[in-house]
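# sequence and predicted structure are below.
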Amino acid sequence: MGWWAVDVTPSAPATTGTALAAWLVARTGQAIEERDDGTLVTFAEGEVAAEALIRALATSSDPAATAILRPLDVVDWSTRWRDGLGPRRFGRLIVTPSWVEASPAPGEVIVVLDPEMAFGSGEHGSTRAALTFLERYLVPGQTVLDLGSGSGILSIAAVRLGAARATGIEIDTESNEVAGRNAERNEVGDACRFLDGDAAQLAPLLGPAELLLSNILRTVNVTLLPSIHAALAPGGMAIFSGMEEAEAPLFRPVLEAAGFTIAEEVTDAGWWAVVARRVP
């Protein structure tokens, strides 16, 4: 059957792109790529599904948007995910795949992680930025929420760094299965749990948390801001990642308007992350 890329061009990227991106995520249940020219790239399993998605654009928030299809090369992702993975260091935190032996120095923490087909290996700039801030801002004993938890890397690292417990929320059931295996591998299965569902609905019910991580697309982060604010304890910290450096000027004012003050920012290979404190 094979996978197809669907390149969607909003009718007016500056004004309709954000809503259309959110519609595509909700429609497909997958992340999208936002290119500098405003094009939104999503994926469909098979040409029939891709064509159906294009037809459905007529009922989207931007019915004047246009789209084209591209067949993708067949790749065995069950093994391809291993390519290029190796140990990564984030302060006293080391993330390594299971087939590479790492020897921690006194005070260092090891996370052994096989992402398989779930997102989150420590190789992507957005994940590295989130891990950098997690190691810097986590206080032992805290309760952590992890939105879009993927492979479970951030939840597992949080507990290994001393969090009392961490809860990941993910819409992809298969990712949660991978995350569960990774948690058991790191002997934190009792302190980590991974839930299937909508973070907008679940996060406020699971709070109050002292630290929250949201390594998701900017458009989704914007949509989740009210739920994130409600899920955090007063004065709690939120780490937002998954956004390109060019998106920072778009997210900062929305973040501050939602009741947060920015504490620190970092960029990694073009990916931007920000730490913000909930205003009591």
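Arrived safely.

# in the helix or strand hosting I68, what's buried?
Using DSSP states H and E, I68 maps to strand 66-71. Buried residues in strand 66-71, counted by 16 or more other C-beta atoms under 10 Å: A67. For glycine as for every other residue, the C-beta is placed from the backbone atoms N, C-alpha and C.

# for the record, mean pLDDT for that strand?
For strand 66-71, mean pLDDT is 91.

# parallel or antiparallel, list what pairs with that strand.
Take DSSP bridges as the rule and strand 66-71 pairs in its sheet with strand 3-9 (antiparallel).

# return the set of buried residues in the partner strand.
3-4, 6, 8-9.

# contact partners of the strand holding I68?
Contact partners of strand 66-71, identified using C-beta atoms under 8 Å, 6 or more residues apart in numbering, comprise 2-9, 11, 47, 50-51, 53-54, 57.

# could you check how far that strand is from the centre of its chain?
25 Å (C-alpha atoms, centre = their mean, to the nearest Å).

# what segments of the stretch 51-200 of the chain are helices?
In the stretch 51-200 of the chain, the helices defined using DSSP state H, counting those that start in this stretch lie at 77-80, 125-137, 153-160, 173-185, 199-206.

# which of those sits most buried?
helix 153-160 (a mean of 28; mean count of other C-beta atoms under 10 Å).

# by contact count, what packs against it?
Judged by 3 or more C-beta pairs under 8 Å, 6 or more residues apart in numbering; DSSP states H and E, the packing partners of helix 153-160 are strand 93-96, strand 109-112, helix 125-137, strand 143-147, strand 165-170, helix 173-185, strand 192-196, strand 209-215.

# T18 is nearest to which of the ones you listed?
Shortest distance between T18 and those, using C-beta to C-beta, is found for strand 209-215: 16.4 Å.

# so how far is the first residue of stretch 197-214 from its last?
Using C-alpha to C-alpha, to the nearest Å, the span of stretch 197-214 from its first residue to its last is 15 Å.

# that older thread, would you turn the helices and strands packed on helix 153-160 into TSV with mean pLDDT and distance to I32?
Below are the helices and strands packed on helix 153-160 laid out as TSV (pLDDT from 0 to 100; distance: least, C-beta to C-beta, whole Å):
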stretch	mean pLDDT	distance to I32
strand 93-96	84	26
strand 109-112	85	28
helix 125-137	90	14
strand 143-147	97	17
strand 165-170	96	16
helix 173-185	89	16
strand 192-196	95	20
strand 209-215	96	15
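
# a markdown table for the ones you listed, including distance to A65?
As requested, the helices and strands packed on helix 153-160 are exported to a markdown table (distance: least, C-beta to C-beta, whole Å):
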| stretch | distance to A65 |
| --- | --- |
| strand 93-96 | 38 |
| strand 109-112 | 41 |
| helix 125-137 | 26 |
| strand 143-147 | 27 |
| strand 165-170 | 28 |
| helix 173-185 | 28 |
| strand 192-196 | 30 |
| strand 209-215 | 26 |
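
# what's the closest of these to A157?
Per C-beta to C-beta, nearest to A157 of these: strand 109-112, 5.1 Å.

# list the contacts of the closest one.
92-98, 102, 104, 153, 156-157, 160-161, 182, 185-186.

# how about low-confidence regions in the protein?
1, 29-31, 73-87, 102, 114-124 (pLDDT under 70).

# which residue would you name as the spatial centre of it?
Closest residue to the average C-alpha location of the chain: N215 at 3.0 Å, with C-alpha atoms, centre = their mean.

# pull the distance from the lengthiest helix in the chain to the chain's centre.
In the chain, taking DSSP state H as the definition, the longest helix is helix 13-28. Taking C-alpha atoms, centre = their mean, one finds helix 13-28 lying 17 Å from the centre of the chain it belongs to.

# equivalent analysis for stretch 258-269, please.
15 Å.

# got the contact list for the closest residue in space to C192 that isn't next to it in sequence?
In space, C192 comes closest to A183 once its chain neighbours are excluded; the distance is 4.2 Å by C-beta to C-beta, 6 or more residues apart in numbering. With contacts defined as C-beta under 8 Å, 6+ apart, A183 is in contact with 152, 155-156, 189, 192, 194.

# L255 too?
The contact partners of L255, by C-beta under 8 Å, 6+ apart, come to 225, 240, 262, 274, 276.
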